[in-house]
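Student: predicted model and sequence below, questions to follow.
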Amino acid sequence: MQRSFFYIDGASDSAFPEPELILIDKAGYTVALNRVAVDAGPQTESAMQRPVFSALLRRMSAGDLLVVLRVSSLGYSARDVLDTLMRCRAAGLAVRCIELGSTDLAGRPEPQAVKMLRAVVRMEIATRSERSRKGLQTAQMNGQRTGRPASLSGRDQERALRSLDKGLSVSEVARRFGTSRQTIMRIRAASAAATAAVATQLEP
């Protein structure tokens, strides 16, 4: 039998979030309070890095249903939301967002909302990569040091940035490229500085 679990973040009252529970009830769900997780932590963190959220997922089993009020409950960005949904799908969990209706966002065939989310993520990655590339070129043309370490080639640095854009952690990227976390962080910092320099030049 499918069990329903409820995750509430940014609640009006972390002790007893009555307004949020009323919304869940109006959406047609029967709420068992022992399956409600209320998160008072920052919403700017990755969903899987939120202790309350990850603890709730550990309580769930394949076939169970996760219910949230808003898409933002599943992550701080489009990429993070998509990653959360794919993790839930791999674990055999169903996911419904009251904001989007009754569709299982982790189900197959993939719902249109998730396809749109994938398109947004691809656009964000492409845009960020292009900004980083142009920023590095501009900085080099102006004779600025971008801080890129010699341990990775220019091509590998771009690949490392793309890996970060896809949501991989600094530690995981460092392992993949056989280098240190400090090197990856320097590459990321140099890219951000170069992008900022381009943005400054474009200001009126």
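Tutor: It's in. Predicted model only: the values in this text are computed from it and were never measured. Numbers count the residues shown, from 1 in each chain.

Student: what count of nearby residues applies to residue 117?
Tutor: Applying other C-beta atoms under 10 Å, we find 21 other residues in the vicinity of residue 117. C-betas here are computed from N, CA, C, even on glycine.

Student: with residue 153 instead?
Tutor: A count of neighbours around residue 153, defined by other C-beta under 10 Å, yields 10.

Student: quick one: residues in contact with stretch 32-41.
Tutor: For stretch 32-41, contacts defined as C-beta atoms under 8 Å, 6 or more residues apart in numbering pick out 3-11, 14-15, 17, 21, 50-53, 55-56, 59.

Student: and if you look at stretch 53-67?
Tutor: For stretch 53-67, the external contacting residues (C-beta under 8 Å, 6+ apart) are 2-7, 9, 24, 29, 35, 37, 39, 47-48, 87-88, 91-98.

Student: just the buried ones from those residues?
Tutor: 4-7, 9, 24, 29, 35, 37, 39, 47, 87-88, 91, 93-98 (16 or more other C-beta atoms under 10 Å).

Student: sitting in strands, which of those residues do you find?
Tutor: When DSSP state E defines the strands, the subset of the buried ones among the contacts of stretch 53-67 inside them is 4-7, 9, 37, 39, 94-97.

Student: domain ranges for the chain, per the record?
Tutor: 4-110, 118-202 (automatic domain parsing).

Student: pipe those into TSV and attach mean pLDDT per row.
Tutor: As requested, the domains of the chain are exported to TSV (pLDDT from 0 to 100):
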stretch	mean pLDDT
domain 4-110	92
domain 118-202	75
